[in-house]
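> everything below, folded, please.
(one chain, ligands or ions: 1)
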Amino acid sequence: MRHLITIAFILLTINNLSAQNRTLVAYYSYTGNVRSIVDELKGLTNADIVEIQPAKEGERYEADNYAIGSALISAIRENPDKAESYPEIKPLSVDFGLYDNIIVATPLWWSNMAAPMQTFLFANGAEMAGKNIALIVSSASSGISSVVADAKRLISNGKFVGEPLWINNKNRSNMPTLLANWTKTLDFKSNMTEKLYITIGSVTLTATLAENTATQALVAALRESPITYSATDYGSFEKVGPLGRSLPTANEQTTTEPGDIVLYNGSQIVIFYGSNSWDYTRLGKIDNATQQELKAALGEGDCTITLSLSAGNNSENQNNNETPTGIRQSDRAATPDGPMYDLQGRRISAPVRGQIYIQGGEKKFKFSN
Ligand SMILES: Cc1cc2nc3c(=O)[nH]c(=O)nc-3n(C[C@H](O)[C@H](O)[C@H](O)COP(=O)(O)O)c2cc1C
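Presented below is the predicted three-dimensional model:
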């Protein structure tokens, strides 16, 4: 059966948030209370918004004295580490690499986080590591401490920001004011004010920058112009090359992982597709790419790499002028041959050899023409 997902998608600028400091609101609502909160939030924050929807339509969670809702929550409580404990939701494709901040807005069910939202966070919590996380919980009257605990369990490496906002039947009529005041208290200062775009041939990857004087200097240089350099394949674990300038160092003994980007000897930039231990200054990490994808993107042998602060500067695959976004309608079952997007979320007509692209909610790699 064909599932279509409705995604409200809005791109504007929040009062105190820059375009690089982007916010995603992920919400679930069964009876509409959380939806009203998110509708109100649209006018205040103008974030990108994604709605989580159960795969099974028309379920009545409150029927038979809340029997279905109760059973779903019990299953999660009994086996929180097993994927089978979580009810299926409609597929969604979100590029978390685009977001610094995530607001999770959820109902409370039997003191816990509503089951469909738990499914979404169980599947995606790891991708929210290091991001600023803020929580809005709507209940009739029950306190929200277990929902907060659920969020921290499911987004175990998130940076939880501020106090969760609790809307309940007593304060619901005052929700707009409470919400407006709450958004003002959110401290969404980010360690990821800029994304680094890395282009090798026709493939462009994004990376999240570390926060240090080396990356500040690199960003300042890239604001002037993109940097293109020749990288040598070294040790079957890295591509290393001269940046053409020195950056401030804060070297420390580091064991790198695939995707790590470091500064070596003050002026050499190293991108890892394997691992090595040495004294490096950390520059950042490539977003959401497996080791296999990294190897494919970087290719074998030496290569030419361009670094920049925007996708438009260096991609050879500029097929249109769509605004990049990580959220796309996904219809895994029905559209295996459906529209294709690059890793920045722009629609492409066809992938070129070596390109990683997204189709039908799946990340794919184009091996040959
Ligand atoms: C299955 C289920 C279980 C619920 N359990 C509780 C509860 O234990 N305590 C409570 O105060 N509210 C409970 N509620 C009420 C919801 O938390 C509340 O109505 C919330 O505002 C619903 O948000 P929504 O309209 O966006 O779905 C429950 C609702 C459902 C559907």
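> what segments of the stretch 201-350 of the chain are helices?
With DSSP state H, counting those that start in this stretch, the ranges of helices along the stretch 201-350 of the chain come out as 213-224, 291-298.
> who are the packing partners of the longest one?
Packed against helix 213-224 by the contact rule (3 or more Cβ pairs under 8 Å, 6 or more residues apart in numbering; DSSP states H and E) you find strand 203-209, strand 277-286, strand 303-308. C-beta coordinates here come from the backbone N, C-alpha and C atoms, glycine included.
> switch those strands over to CSV; also include mean neighbour count and distance to Ile73.
Output for the helices and strands packed on helix 213-224, formatted as CSV (neighbours: other Cβ atoms under 10 Å; distance: least, Cβ to Cβ, whole Å):
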stretch, mean neighbour count, distance to Ile73
strand 203-209, 23, 34
strand 277-286, 19, 35
strand 303-308, 18, 47
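> out of these, flag the one nearest the ligand.
The minimum distance between the ligand and those falls on strand 203-209, with 31.9 Å, by Cβ to the nearest ligand atom.
> and the average pLDDT for the closest one is what?
Strand 203-209 comes out with an average pLDDT of 91.
> for the helices of the stretch 201-350 of the chain, which has the smallest mean pLDDT value?
For these, the weakest mean pLDDT is recorded on helix 213-224, namely a mean of 80.
> which bits of the chain sit near the ligand?
29-35, 61-62, 66, 69, 107-111, 138-142 (Cβ under 6 Å from any ligand atom).
> in helices, which of those residues appear?
Residues of these located in helices (DSSP state H): 33-35, 66, 69.
> what's the closest of the residues you listed to the ligand?
Gly69 (2.2 Å).
> dump the residue contacts of the residue nearest to that closest one when sequence neighbours are not counted.
Leaving out its chain neighbours, the residue that sits closest to Gly69 by Cβ to Cβ, 6 or more residues apart in numbering is Tyr61, at 3.7 Å. Tyr61 makes contacts with 30, 68-69, 72, 109, as judged by Cβ atoms under 8 Å, 6 or more residues apart in numbering.
> now do stretch 211-230: everything it contacts.
With contact meaning Cβ under 8 Å, 6+ apart, stretch 211-230 is reached by 191, 194, 196, 209, 241-245, 247-250, 263, 269, 281-284, 302-309, 313-314.
> kindly check the end-to-end length of that stretch for me.
Stretch 211-230 has an end-to-end distance of 25 Å (Cα to Cα, to the nearest Å).
> got the contact list for the residue nearest the centre of the chain?
For the chain, Phe96 is the residue whose C-alpha lies nearest the centre (Cα atoms, centre = their mean; 1.0 Å). Taking Cβ under 8 Å, 6+ apart, we find Phe96 in contact with 24, 102, 124, 127-128, 131, 287-288, 326.
> how near is it to the ligand?
Between Phe96 and the ligand the computed distance is 23 Å (Cβ to the nearest ligand atom, to the nearest Å).
> show the model's pLDDT score for that residue.
Per-residue pLDDT puts Phe96 at 88.
> I'd like the distance between it and Asp150.
In this view, Phe96 and Asp150 are 19 Å apart by Cβ to Cβ, to the nearest Å.
> what about Val270, neighbour count?
Neighbourhood size, Val270 [other Cβ atoms under 10 Å]: 22.
> just to check, it is in contact with Gly235?
No - using Cβ atoms under 8 Å, Val270 is not in contact with Gly235; the gap is 10.1 Å.
> poorly predicted segments of the stretch 151-300 of the chain, please.
Along the stretch 151-300 of the chain, segments meeting pLDDT under 70 span 189-194.
> would you list every one of the strands in it?
Along the stretch 151-300 of the chain, counting by DSSP state E, counting those that start in this stretch, strands occupy 159-160, 165-167, 195-200, 203-209, 227-234, 238-242, 252-255, 260-264, 268-272, 277-286.
> who are the packing partners of the fourth one?
So the one you mean is strand 203-209. Contact partners of strand 203-209 among helices and strands, from 3+ Cβ pairs under 8 Å, 6+ apart: strand 195-200, helix 213-224, strand 277-286.
> can you give me the angle that strand makes with helix 291-298?
Interaxial angle of strand 203-209 relative to helix 291-298 (axes from the mean of the first three to the mean of the last three Cα atoms, to 10 degrees): 120 degrees.
> and strand 203-209, which strands flank it?
Strand 203-209 has the following strand partners under DSSP bridges: strand 195-200 (antiparallel), strand 277-286 (antiparallel).
> now swap in the fifth one and tell me
In the sheet, strand 227-234 lines up against strand 238-242 (antiparallel), strand 303-308 (antiparallel) (DSSP bridges).
> confirm that Pro91 sits in a helix.
No - Pro91: not assigned to a helix; according to DSSP: H, G, I helix; E, B strand; the rest coil it is coil.
> tell me how many other residues surround it.
Residues within reach of Pro91, counting by other Cβ under 10 Å, total 18.
> got the phi/psi numbers for it?
Main-chain torsions, Pro91, degrees, to the nearest 10: phi -70, psi 140.
> now it: how far from Ile348?
According to Cβ to Cβ, Pro91 stands 20 Å off from Ile348.
> please apply the same query to Ser111.
46 Å.
> using TSV, lay out the helices and strands packed on strand 203-209 together with distance to Gly158.
Shown next, in TSV, are these (distance: least, Cβ to Cβ, whole Å):
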stretch	distance to Gly158
strand 195-200	19
helix 213-224	22
strand 277-286	16
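> quick one: closest of these to Thr254.
strand 277-286 (4.7 Å; Cβ to Cβ).
> now do the buried residues in stretch 143-154.
Residues of stretch 143-154 classed as buried by neighbour count (16 or more other Cβ atoms under 10 Å): 144, 146-148, 150-151, 154.
> any idea how far Gly58 is from the closest residue to Thr290 other than its chain neighbours?
Excluding its sequence neighbours, the residue lying closest to Thr290 (Cβ to Cβ, 6+ apart) is Pro258, at 7.8 Å. Computed as Cβ to Cβ, the Pro258 to Gly58 distance reads 44 Å.
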